[in-house]
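# Predicted model and sequence below, questions to follow.
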Amino acid sequence: MTDDQDNTELRRPWQPVDLEAVLSGTYQRPEPTVGSRTDGRGLFYPGKSHTVVSETEGGKTWFALSAALDEMAASHHAVYIDFEDDEGSVVTRLLTLGATPDRIRNHFHYLRPDAGIGADDNAGDLTQLLGDTRPRLVVLDGITEAMGLHGLDPLKNADAAIFGRRVTKRITDTGAAVVSLDHVTKDRENRGRYALGAVHKLNGLSGAQYTLTNRTPFGIGLTGRSTINIAKDRPGQLRAHALPSSSGLHWYGDLVLESHNQDFAEVSITPPHQTDEDFRPTELMHRISEALAEYGPLAQRRILAATKGKTDSKRQALDFLILDGYVTERSPHELIKPYPRNGQAA
């Protein structure tokens, strides 16, 4: 335990906070060092709370397990508290992604609570696990179910704040990055940045919120891809390594899951494309726009089949159409507005 932690524990809640570290220049700004993109940039802040939201099959669990793999590979511990699924599903995914049984035994800790943290000695059990393993990452999967288990209403801001104090802050106080997996609202037009339920789920975060939007489906033998956008970044260190998007959020990268067969898949978090802002493959963008206008919503593979050109170039053209607001991010992709030939309106 550090001297700063000792001072925090000795200070009563309503006494002034010691500002000396900030004033003397020894205070260190939070840096996202938990989990990693392929370029080495981190995903989550140690000791902060985060949320990852998406529709069903948007890739939330794969995203969280990618970060867990990164930490386990560095011989750090990861804890997975599951309120929705079971150990078979989660651990099978880790094995599919290449984690060895020994690494999982030694560095991955799975919990499936069926009672709230206040019952019996559940809080003590969790405190002991966190103290014994000192995890860098703790995933809370299924926030709506978790709040219900604690007798709290996910639609009420006051209850969201109570859950944050009882569960989330208990974990972040140990220095772990907490990542809550949640669902978006069903209303696509008005959902904005928010998860299902109370606004405080976003407003109360001390770290970041990511929204995942699936562009190509995940499945055995397929390469699925979801866009990762930053909806909130309270410490402010993530957006510097992201690109603005037409949605008003910042594009932090893509979740890519390449399935070779049912027993082996590779997951990666790739950075956003660093391309010349003035460059656009306008002819291919126009062809894709025409195909969507003619055939209606199409999955990416059908778009590639319906238009002429090199496959990689067509994928890039589709990405630009999405980023520029001409085509929806979610698959099957829908045409929002026609893209003019040569990129110039008549």
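Looks like it came in fine.
# How about the residue nearest to the spatial centre of the chain: which residues does it bridge to?
Centroid check for the chain by C-alpha atoms, centre = their mean gives residue 52 as the closest residue, at 3.8 Å. Residue 52 has the following beta-bridge partners by DSSP bridges: residue 181, residue 210.
# Tell me how far it lies from residue 233.
13 Å (C-beta to C-beta, to the nearest Å). Heads up, the C-betas are built off the backbone N, CA and C, glycines and all.
# ok, now residue 227?
Relative to residue 233, and taking C-beta to C-beta, residue 227 is found at 16 Å.
# Between those two, which is the more surrounded one?
residue 227 (27 against 21; other C-beta atoms under 10 Å).
# Contact partners for that one?
The neighbours of residue 227, taking C-beta atoms under 8 Å, 6 or more residues apart in numbering as the test, are 212, 213, 215, 251, 254, 322, 329.
# Secondary structure class of the fifth one, three-state.
Per DSSP: H, G, I helix; E, B strand; the rest coil, the local secondary structure of residue 254 is strand.
# Tell me who's in contact with it.
Contacts of residue 254 (C-beta under 8 Å, 6+ apart): 215, 225, 226, 227, 228, 269, 270, 272.
# just the third one next, same as before
When the contact criterion is C-beta under 8 Å, 6+ apart, the partners of residue 215 are 225, 226, 227, 254, 300, 322, 329, 330, 331, 333.
# packing partners for whatever helix or strand residue 318 lives in?
Per DSSP states H and E: residue 318 is located in helix 311-323. For helix 311-323, the packing partners by 3 or more C-beta pairs under 8 Å, 6 or more residues apart in numbering; DSSP states H and E come out as helix 282-295, helix 300-306.
# Name the stretch among those that sits most buried.
helix 282-295 (a mean of 19; mean count of other C-beta atoms under 10 Å).
# what's the angle between that helix and helix 311-323?
Our comparison of helix 282-295 with helix 311-323, counting by axes from the mean of the first three to the mean of the last three C-alpha atoms, to 10 degrees, yields an angle of 70 degrees.
# Figure out how far helix 282-295 is from the centre of its chain.
31 Å (C-alpha atoms, centre = their mean, to the nearest Å).
# what residues does it touch?
For helix 282-295, the external contacting residues (C-beta under 8 Å, 6+ apart) are 298, 302-303, 306-309, 313-314, 316-318, 320-321, 326-327, 333-335, 338-343.
# re the thing from before, so for the helix holding residue 318, what gets flagged as buried?
314, 315, 316, 317, 318, 319, 320, 321, 322, 323 (16 or more other C-beta atoms under 10 Å).
# Tell me which two of the residues you listed sit farthest apart.
314 and 323 (15.1 Å; C-beta to C-beta).
# Any chance of the backbone angles for residue 164?
phi -60, psi -40 (degrees, to the nearest 10).
# any idea how far residue 233 is from it?
18 Å.
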